[in-house]
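**Student:** need coordinates for the below:
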Amino acid sequence: MASYIIIHAQKGEKNMVLKTVEQAKANLEASIAYIPARYIAGVQQANWQGPASSAQAEANYAAAVSKAVTDKRRQKGVAKVSNADWQNAAVEKGAPIIGERLRGALGKWEARWGPMYGAVKTAVGALPPKTTDFMANINNRLVPTVKAWKKAAGK
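**Tutor:** Numbering: from 1, shown residues only. As a prediction, this is how the structure comes out:
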C-alpha cells in the first residue's frame, strides 16, 4: 500500500502532498522513452571543452581532489561496497556491454595503437640476436623495446 507524505509549510500552513516512491519511480520509468533524445539535444548544444579547460576549472579540480584525498573519500567509498557486491555489479552491468563497447572502439584503437606498434616492430627488427647471457638480453633487447614503446607513445 502506497503512503503519502504530507509536509506542513511554515507560512500559510498549506499542505503539500508529495508523490510516493512508487509514483516517482513510475514517472521516471515513463520518462525513459524520451530522455535519450533530450540528452542528445543537450550534448549537441553544450560547450564542454571551453569551460572545462579554463584556469578556474583546473583550480576547482585541484581543490576538490585535494579535499577528497584529505577526507579519504575514496577509501570510505570502497569500504561501503563489499567485494561480492562489486563483483555482482561488474558482472550484471559490465559483461553485457563490454563486447559492444570494444567493437565500437576498434577504429580508434587501431588509429592510435597501430602507429605505435609499427614503430616498436621496426625497433624489434633491429635488435641484436639473443644470447645465453640474460643480463645482456635484458640490456640489449628488453630495454630498447621498452624505450621504443615509450617513445612511440610520446612519453
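**Student:** and A57, what does it touch?
**Tutor:** P51 (Cβ atoms under 8 Å, 6 or more residues apart in numbering). Bear in mind the C-beta positions are built from the backbone N, C-alpha and C, glycine included.
**Student:** that one is in what secondary structure piece?
**Tutor:** For A57, the host element (DSSP states H and E) is helix 55-70.
**Student:** wait, is K130 part of a helix?
**Tutor:** No - applying DSSP: H, G, I helix; E, B strand; the rest coil, one finds K130 to be coil, outside a helix.
**Student:** tell me the buried residues in the strand or helix carrying V143?
**Tutor:** According to DSSP H and E, V143 maps onto helix 143-152. By 16 or more other Cβ atoms under 10 Å, the buried positions in helix 143-152 come out as 144, 148, 152.
**Student:** hang on, isn't the last one packed against V120?
**Tutor:** Yes - applying Cβ atoms under 8 Å as the test, A152 and V120 come out as touching, 5.8 Å apart.
**Student:** pLDDT weak spots in this protein?
**Tutor:** Low-confidence segments of the chain (pLDDT under 70): 1-16.
**Student:** how much space between Q49 and A57?
**Tutor:** Separation of Q49 from A57 (Cβ to Cβ, to the nearest Å): 10 Å.
**Student:** name the residues contacting each of these two.
**Tutor:** By Cβ under 8 Å, 6+ apart, Q49 and A57 have no common neighbours.
**Student:** now for A68: which residues touch it?
**Tutor:** Contact analysis of A68 by Cβ under 8 Å, 6+ apart lists R74.
**Student:** which helices and strands sit right next to the helix holding V143?
**Tutor:** Packing contacts for helix 143-152, counted by 3 or more Cβ pairs under 8 Å, 6 or more residues apart in numbering; DSSP states H and E, involve helix 95-125.
**Student:** which residues does N140 contact?
**Tutor:** Counted by Cβ under 8 Å, 6+ apart, N140 has contacts 127-128, 131.
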